[in-house]
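Undergrad: give me the fold of what follows.
(2 chains)
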Amino acid sequence: MIQQPTRLLQRIAQTHLALTLGLLGCSFLLSAQAEAGEKYAVRAGTVHTLAGEAIPNGVIVIEGGRITAVGSADDVKIPWDAEVLDVPHLEAYPGFVEAHTSSGMDRPNESVAVAPFLNVRDSIDPVAFYFEDCLRSGITTVNVQQGNACVIGAVGMVVKPRGMTVEEMLVRPRSGLKISAAPKSGMSRATQAQTLRAAFTGLRNHLEDLVQQKRNGNDYSRREALYQGRDLSGERGKGRAMMSKGWTVEGLELVPRGEVDEKQEPLLDLVEGRVPAWIYCGAPMDVRLAIELASDNGFLERTTLVLDDSCWKAADLIAEAGVSVVLDSTLVRTETDPKTEEEEEIFIPGVFKDKGIPFALSSRNSSTESLWFQAAMCMAHGFTRAEAMAAITATPAKILGLEGKVGCLCPGAAGNVLLTSGDPLSVTSFIEYVVIDGNLVYDRSADIRTQHLLEGVVPEGTESHAEEPEVEEDTRKKAGDEAGDEAGDEAGDDGGSR
Amino acid sequence: MHLPETTLASVLLVGATSGLFASPAFSSAATSPPTQGDLVAVRAHKLHVSPGKVLEDATLLIRAGVIVQVGNDLEVPEGARLIEGDVVCAGFMDPWGSLGMNAAATVDMATNAATSAIDGVDPYLHPWYRNRALAAGVTAVRVQAGMVSARGGVGAMLSTAPADDLEGMILLKDSNAAAGLGLSSRGNPPDVFARISAVDKLVGDINKGREYSITWAKYAHDLEAWNKTIAEAEAKLEKDFKKAKKDRDKEIAEAKEKDKEFKEEKYKEDKRPKLPKLDAEDAVMARVASGEMPLVVTIHRAAEMRELLKGTAKFKRLRLVIAGGTEAEAVADQLVARSIPVIVRPAPLGANRPDEYSGHNLALAGRLADAGVRVLLGSSGGGSSDLPLLATLAIGHGLDRDKALAALTTEVARTFDLSGELGSLRPGRRADLLVLDGEPLLPTTTVRYVLCAGRVLISPDSRD
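TA: Sure, this is the predicted structure:
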């Protein structure tokens, strides 16, 4: 890796931090920072832009974190001052996009049923193993949302899997509010639906109360906001008429927005269309509730359904509502006839494709069954390569409102590039390098975990390494295997927490 | 009812004229060929129009899912599908079931008065479950969330016929409110004092509902009065404006003369009446207190039933329905006097029955009916497909056969305000009916055809 001396100090500081956090042996997590105007270029054997024909002997130029030019090496000139990753033996692809996950958080779920005032920002763990694995699997954009065990959950955010702080990882701060149409533990579908509706009735009552107080000349809410130290200056000091496609509260312009209860505000944002909604459906019957709730409250257009695999039965309803979906990691579902016990296999992405519903795939876990595997499964069931790739790049990008910004290699998009040894959907290829925002953030040749797992290389400075000179061949092999099992377990846990 | 109103209205209108198919209206309708299932004729040796009212060798005509004519000498119109059988009666209705509901919703203990059964309905349930009930002759089931909860919320009447979506399943989306008193939880009965105070709590809730509707009625009244007062005041003010302006000018001049500050006169008017707070639970109880929908109370013990009847006596419009009623014989007089129906579950119970069922007796339905109590039969969520068999058990233990048939048809429709649509085979009713090879509710009788809204869903060749 080419390291500019001006950034050396910064790098040392960060590496030191990484060490104190226990990230031993993770030197492949390269922490160079692109600053505005900095230039980076990739020259690859083939550049797959996913927005047109593949370009043999292609060049990608990234300036200030964004792609400025993509084309054949004959046409595109690499700026003289650009750092160049020259890999003619590799293929370039855009980074994959995870449309919805609850991984990478300290805890995916909350005990409070209705908690729209929470934000995943406070729970995302930048050193979570999950984000490290994202790079190995080629995921460069991740929408982190609260887990499915909620009624109304936290506001999520889109991050890139690199950075030592949440701010550094940030791509889009308010990617949407999590809602679940499937019952939280201790509730049934009937009471879940009731609680969901009550949350919106509660918002409405609260807003009506505020207006009534203003009309009565009772400024209780204003005094309350002042007492609590809520900001009432600037935009927050102004009242605005309610803008919603669902219901409105007349006279809301009388109430400065800063006086709206902080706990209700994210819901108001949702109703007024300022944040999208991610509604989890755990069974086909939940789909109806999700769509009804979204259309009654005017946010259907900004709704994405996060579906359990059983929800394929509600595909007609989804198609009619015109919403996009994120599919569960189970792509093939077996339905059993309760009487004959006959089994029928349903290939779920196929159902959604046939109905013309835009869908994004999601990873089962952060390693072996990551997005690339899901896309490969789709190809195995008859999808074209373009369809399979779109479900892990362009479609999730569009769902996240990042169309043309991520998921393709085109001018204006973020400089997120994967360099693969071959077909990224093949088990025999590897992701050799990952570039995010024009920074080389992953280099497989320095990925000690992978080397340890696949080649049995014992990292320097580890205990078994210290004992090594006296250890016999068999024992060392066994030690390597155990370490491998551990890594597998960790991945399994990660999948389980979703 | 989910039938298009226009269809229903036109059919009723045409049906009212004598000889539907001889009328000129028919010839114009005949220009568009009737589609399969549009026109059905059912002919039987015995046709139970309603329990106790039997037509011999009768024919029944169905158009667009609705019964249009019933009579002895009806001609079968051309193009109609003809179904023939020995005995025809209305489809059975289970007034206390769970078919079509998500299982967790029926046993949810956290429900309240405003929980809606519709939210717990699973339209994606495998059709086999519904077909089983249909094959047994059950064409409608009343369901609710929280069947054993203190407040079961708003129940719904569902059709067992296959439907494309949820709307197609619903016969009535708010058939009743529900409550449970003294029911065992995880095998343990509630404490005896808790049981009595639970009754008081329910009475209190109904009272709250009544007050809630009074508050809203008062608000509407006060608002009207206020609007009137304001309108009058405005008219008067406008009329007196010239004088007021003159006075003001004069006062300004005076003030100037005396070198005093001029003060505007204070305007005062009545405050607009305050909008009452919406409360979903009170709103449901308000509908209960006003008799807009019945309140189904699952209750078994005589002591609690006495307390309930005493506490609710003051609500003259309240329509109580008792479900379970194991010891209801003890209060039969009051049930007769107040015309309170009892939904009995005539199922054999094992030795490990819950405490409230300890006096369970298969003869209950018969004895109550003999005492003059209105009896309905329900499966208590134990499987609607068994209900006709349970009814034969009740007959075996003394329930009159016509009363048993009424307990599954007309009485259910009447209790849940569906008499105009279901429960009997009169013109204008939805064509949910059974064609049998013997008298209804005999263990030897089998169901040959089942029609729901005129559609043949079960036939001898479809049976398996």
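Undergrad: start and end of stretch A:310-320, how far apart?
TA: The first and last residues of stretch A:310-320 sit 18 Å apart, counting by Cα to Cα, to the nearest Å.
Undergrad: anything in that stretch near chain B?
TA: Yes - Stretch A:310-320 lies within reach of chain B by Cβ under 8 Å from any Cβ of the partner chain, at A:313-314, A:317. In short, each C-beta sits where N, CA and C put it, glycine included.
Undergrad: buried stuff in that stretch?
TA: Within stretch A:310-320, the residues that qualify as buried are A:310-315, A:317-318, counting by 16 or more other Cβ atoms under 10 Å in any protein chain shown.
Undergrad: need the residues that contact that stretch.
TA: Stretch A:310-320 is touched from outside by A:281-288, A:291, A:305, A:325, A:333, A:346, A:348, A:351-352, A:355-357, B:124, B:165, with contacts defined as Cβ atoms under 8 Å, 6 or more residues apart in numbering or on different chains.
Undergrad: just the buried residues out of the residues you listed, in PyMOL syntax.
TA: Buried residues among those (16+ other Cβ under 10 Å), as a PyMOL selection:
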select buried, (chain A and resi 281+282+283+284+285+286+287+288+291+305+325+333+348+351+352+357) or (chain B and resi 124)
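Undergrad: contact partners for residue 272?
TA: Using chain A. Each residue near A:Glu272 by Cβ under 8 Å, 6+ apart is listed here: A:242-244.
Undergrad: not quite, I wanted chain B
TA: Shown in contact with B:Arg272 (Cβ under 8 Å, 6+ apart): B:223, B:226.
Undergrad: could you measure from it over to B:Tyr219?
TA: Per Cβ to Cβ, to the nearest Å, B:Arg272 is found 10 Å from B:Tyr219.
Undergrad: and which of the buried residues of stretch A:310-320 is nearest to chain B?
TA: A:Lys313 (4.9 Å; Cβ to the nearest Cβ).
Undergrad: up against chain B, what does chain A have?
TA: So chain A meets chain B at A:183, A:186-194, A:198, A:201, A:205, A:208, A:212, A:283-285, A:288-289, A:313-314, A:317, A:337-339 (Cβ under 8 Å from any Cβ).
Undergrad: among those residues, name the buried ones.
TA: By 16+ other Cβ under 10 Å, these give A:183, A:187-194, A:198, A:208, A:283-285, A:288-289, A:313-314, A:317 as buried.
Undergrad: just checking, what packs against the strand or helix carrying B:Leu237?
TA: Using DSSP states H and E, B:Leu237 falls within helix B:192-257. Contacts defined by 3 or more Cβ pairs under 8 Å, 6 or more residues apart in numbering or on different chains; DSSP states H and E place helix B:192-257 against helix B:280-289, helix B:302-312.
Undergrad: ok, which of those helices comes nearest chain A?
TA: The nearest among those, by Cβ to the nearest Cβ, is helix B:280-289 at 7.3 Å.
Undergrad: what packs against that closest one?
TA: Where contact means 3+ Cβ pairs under 8 Å, 6+ apart, helix B:280-289 is packed against strand B:170-180, helix B:192-257.
Undergrad: of all those, which one is nearest B:Ala104?
TA: Across these, B:Ala104 has its closest neighbour in strand B:170-180 (16.9 Å, Cβ to Cβ).
Undergrad: centre of the chain to that closest one, how far?
TA: 5 Å (Cα atoms, centre = their mean, to the nearest Å).
Undergrad: report the angle between that strand and helix B:280-289.
TA: Going by axes from the mean of the first three to the mean of the last three Cα atoms, to 10 degrees, strand B:170-180 is angled at 100 degrees with respect to helix B:280-289.
Undergrad: state the mean pLDDT of strand B:170-180.
TA: Here strand B:170-180 scores 96 as its mean pLDDT.
Undergrad: relative to helix B:192-257, how tilted is that strand?
TA: Counting by the same axes, to 10 degrees, strand B:170-180 lies at 110 degrees to helix B:192-257.
Undergrad: domain ranges for the chain, per the record?
TA: You didn't pick a chain, so chain A it is. Split into domains by automatic domain parsing, chain A comes to A:1-94+A:412-446, A:96-406, A:459-498.
Undergrad: wrong one, chain B
TA: Here the domain assignment for chain B is B:1-90+B:424-464, B:93-212+B:278-422, based on automatic domain parsing.
Undergrad: go through those and find the least confident stretch.
TA: Among these, domain B:1-90+B:424-464 has the lowest mean pLDDT, at a mean of 78.
Undergrad: how about that one, does it reach chain A?
TA: No - counting by Cβ under 8 Å from any Cβ, chain A is not contacted by domain B:1-90+B:424-464; separation bottoms out at 8.8 Å.
Undergrad: so the residue of the stretch 251-400 of chain B found nearest chain A: helix, strand or coil?
TA: Residue nearest to chain A within the stretch 251-400 of chain B: B:Leu278 (6.8 Å; Cβ to the nearest Cβ). Under DSSP: H, G, I helix; E, B strand; the rest coil, B:Leu278 falls in the coil class.
Undergrad: for it, grab phi and psi.
TA: Note on B:Leu278: backbone dihedrals following degrees, to the nearest 10 are phi -80, psi 140.
Undergrad: go on, B:Ala150?
TA: Torsion angles, degrees, to the nearest 10, at B:Ala150: phi -60, psi -40.
Undergrad: perfect, I'm done here.
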